[in-house]
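Chemist: Return a 3D structure for these sequence lines:
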Amino acid sequence: MYFTLDAIRNIKLYQNKKGYRFSVDALLLYSFVNLRRAERIADLGAGSGIVGILLAKKYQDSEVVLIEIQDSLAVLAEKNVLLNNLKKRVYVVKADIKTLTPPTLPLVRGGIRWGHFDLVVSNPPFRRQKTGLISPTDEKAIARHEIKLRLEDLILAAHALLKSKGRFCMIYHPSRLAELIDALRKKHLEPKRLRFVHSTLKTEAKMVLVEAVKDGRAEMKIEKPFCIYREDGRYTDEMNELY
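Modeler: Sure, this is the predicted structure:
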């Protein structure tokens, strides 16, 4: 498979030319994280590593674990960790997220422990298997459709990995927001912040950013919308800042 070498913000990234490639969703998720400090971070479904690597650059005293099930993407994530000189703090674990929950996870596996993380992030597949067009490339299909990972499995893993009061940040589709909030609360992950992403102010939300706190109290803040484009079709100032 052919690669491209891309630069985004303060990192460089190898990506498969015809496989799964990061989108603006990854940058939105990265920018949504607002912790003052984070020592241990896990990225569930890390792909080629963009979100975890950006967070490692932001939180320079942190250790980051990139968890990815697909061989091709895990290999790229390893390359990208080396490319960005982060091999002392960022680790890639090739694993099925469903195996990271009790009782299947050993006490220690590649730096992964139950109740160990301050922050867990995820840009998961949000399309059900029988909805939307299934990509002819498996790498893309697995990243976008719930072929190997259901929402319930993702939340179970996040809950297992987070310490009490740790935060789980993810980006998801608004059409499944009610389902997401219900699933989070069932696992004692209380939604605390929501931010809707729109193409413009006049369009409906295309994505939603959610932060939940393990064992948090019931209280939610709805942040101002994130708009990608101005009315004239140019990027908004906030969008330009992302890049």
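
Chemist: Would you check that S48 makes contact with S72?
Modeler: No. Judged on CB atoms under 8 Å, S48 makes no contact with S72 at a distance of 9.2 Å. No exception for glycine: its C-beta is placed from N, CA and C like everyone else's.

Chemist: Neighbour count: these two, which is higher?
Modeler: Of the pair S48 and S72, S48 is the one with more neighbours under other CB atoms under 10 Å, namely 30 against 15.

Chemist: for the more buried one, what are its contacts?
Modeler: For S48, the contact set (CB atoms under 8 Å, 6 or more residues apart in numbering) comprises L13, Y14, Q15, N16, Y20, F22, L73, L76, A77, N80.

Chemist: Name the residues contacting each of S48 and S72.
Modeler: In terms of CB under 8 Å, 6+ apart, S48 and S72 are both contacted by the residues N16.

Chemist: and the strand or helix carrying L13, how far from the chain's centre?
Modeler: Under the criterion DSSP states H and E, the helix or strand holding L13 is strand 11-16. Remark: strand 11-16 is offset 17 Å from the chain centroid, using CA atoms, centre = their mean, to the nearest Å.

Chemist: Go ahead and flag the most central residue of the protein.
Modeler: Computing the C-alpha centroid of the chain and ranking residues by CA atoms, centre = their mean puts S122 first, at 2.3 Å.

Chemist: ok, that residue - contacts?
Modeler: Residues in contact with S122, defined by CB under 8 Å, 6+ apart, are L29, D43, L44, G45, L154, A158, F168, C169, M170.

Chemist: List just the nearest of the residues you listed to I8.
Modeler: The shortest separation between I8 and any of the contacts of S122 is 13.2 Å, and it belongs to L29 (by CB to CB).
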